[in-house]
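J.: coordinates for the following, if possible.
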Amino acid sequence: MPLPTRPYPDLAPNVIVFGETGTGKSSLVNMLAGRDIAGVSNRAVGGTFSSDSHEIFLNAATYKIWDTAGLNEGIHGSVPADVALQNLRTLVGKMSEGINLLVYCVRGTRFREILKFNYDIFYKIICQGEVPIVIVVTGLEHESPMDAWWEANRTEFGRYGLVFQACACATTTRGKDGMFDEEFEESKKKVEQLIVRNCSEVPWKADRQHWNQVAEKMQEYQDRYNKRVQEDVTPAYPSGSSNPVGRHLVTDLRARGCVLLGAVVWVGTYAVYAAVNMVLWMCGSRGRSLKQPDPV
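T.: Presented below is the predicted three-dimensional model:
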């Protein structure tokens, strides 16, 4: 299927790439550009927020790709909420023509609640569900085929209310000695098609009144999220697991473990007792047998 042409070729669409630190946002931008134009960080915690646009040629047209490096640190709470909001306003404010597409960049791992949090902040609260959103899943160079990951996990995303217009399963690395060159080139083509086909013709713009509402909703949402994180006693589960059930489950498992351990110790002791008595009997010394151990 041929890629669509833009109705207004003189206006470069604005595409925001967002996601957690370490998901490969900058690597994704570099892959699309065919050269290193966005800084790549290996740190687990993102650096200072920056919102730089990169003009990239896709399907014979120019697109402005915005790399939100460090933006997620404010959303996590390591930056005050008012600073995080100002960062978002700075980002959106630079786009005088509006926003045409949101690209959510995630790693190909299990679903976690922070994925829903970021989705809700950008798509539902800031853009009010008015901007098309797609997902790019990175780190899938060992999947064969890469698209199988989304088929196996899309239901989980939908269960938590994360709905996308389209998905691209990809890798943003060529690997050592180019061992993933084929997967890399396939990924570049898929992501390019994803952006071109899903960019809205009419961009969405935010007014001043909208930002007042966003400030309230963003603070309220962040407070609810932080409260859930603090109360969650089973953080290995993705979201919303019942804390009382979690605590009772842990207590029950510990109690069962103690009983099982006691039984194992008793059985082991009895086995030693039986073995020693067998040896004594074989040696003709049955009268010196050991006393049978009491249960633990």
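J.: what does stretch 184-191 contact?
T.: By Cβ atoms under 8 Å, 6 or more residues apart in numbering, the surrounding residues in contact with stretch 184-191 are 28, 31-32, 136, 141, 146, 168-175. All C-beta atoms are positioned from the backbone trio N, CA, C, and that covers glycine.
J.: what subset of those residues is buried?
T.: With burial judged by 16 or more other Cβ atoms under 10 Å, the buried subset of those is 28, 31-32, 136, 141, 146, 168-174.
J.: just the ones in helices from those residues, please.
T.: Those of the buried ones among the contacts of stretch 184-191 mapping onto helices are 28, 31-32, per DSSP state H.
J.: quick one: mark the members of the buried ones among the contacts of stretch 184-191 that sit in strands.
T.: 136, 168-169 (DSSP state E).
J.: can you give me the domain boundaries for this structure?
T.: If the domains of the chain are taken from automatic domain parsing, they occupy 14-231, 243-288, with pieces of a single domain joined by a plus sign.
J.: would TSV of those domains with mean pLDDT be doable?
T.: Output for the domains of the chain, formatted as TSV (pLDDT from 0 to 100):
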stretch	mean pLDDT
domain 14-231	85
domain 243-288	47
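J.: packed most tightly, which of the ones you listed would that be?
T.: Compared across those, domain 14-231 shows the largest average neighbour count, a mean of 17 (mean count of other Cβ atoms under 10 Å).
J.: which residue sits closest to Trp211, ignoring its sequence neighbours?
T.: With Cβ to Cβ, 6 or more residues apart in numbering as the criterion, Trp211 has its nearest non-adjacent residue at 6.0 Å, and that residue is Arg89.
J.: helix or strand: which one has that neighbour?
T.: The secondary structure element spanning Arg89 is helix 81-93 (assigned by DSSP states H and E).
J.: quick one: name whatever helix or strand follows that helix.
T.: strand 101-107.
J.: could you export that following strand as PDB, CA atoms only?
T.: Below are the C-alpha coordinates for strand 101-107, written out as PDB (Å, rounded to 0.1, in the frame of the first residue of the first chain):
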ATOM      1  CA  LEU A 101       1.200  12.800  16.300                       C
ATOM      2  CA  LEU A 102       2.200  11.200  19.600                       C
ATOM      3  CA  VAL A 103       4.700   8.300  19.400                       C
ATOM      4  CA  TYR A 104       4.900   6.400  22.700                       C
ATOM      5  CA  CYS A 105       8.300   4.600  22.900                       C
ATOM      6  CA  VAL A 106       8.400   1.600  25.300                       C
ATOM      7  CA  ARG A 107      10.700  -1.400  25.900                       C
END
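J.: who touches that strand?
T.: The set of residues external to strand 101-107 that reach it, using Cβ under 8 Å, 6+ apart, is 13-20, 22-25, 28, 115, 118-119, 122-123, 127, 131-139, 164, 194-195, 198-200.
J.: quick check: bridge partners of Asp67?
T.: As for beta bridges, Asp67 partners with Val17, Asp52 under DSSP bridges.
J.: from what I see, it and Gly24 are in contact.
T.: No: taking Cβ atoms under 8 Å as the definition, Asp67 is not a contact partner of Gly24, at 10.9 Å.
J.: could I get the contacting residues of Glu130?
T.: Listed by Cβ under 8 Å, 6+ apart, the contact partners of Glu130 are Trp204.
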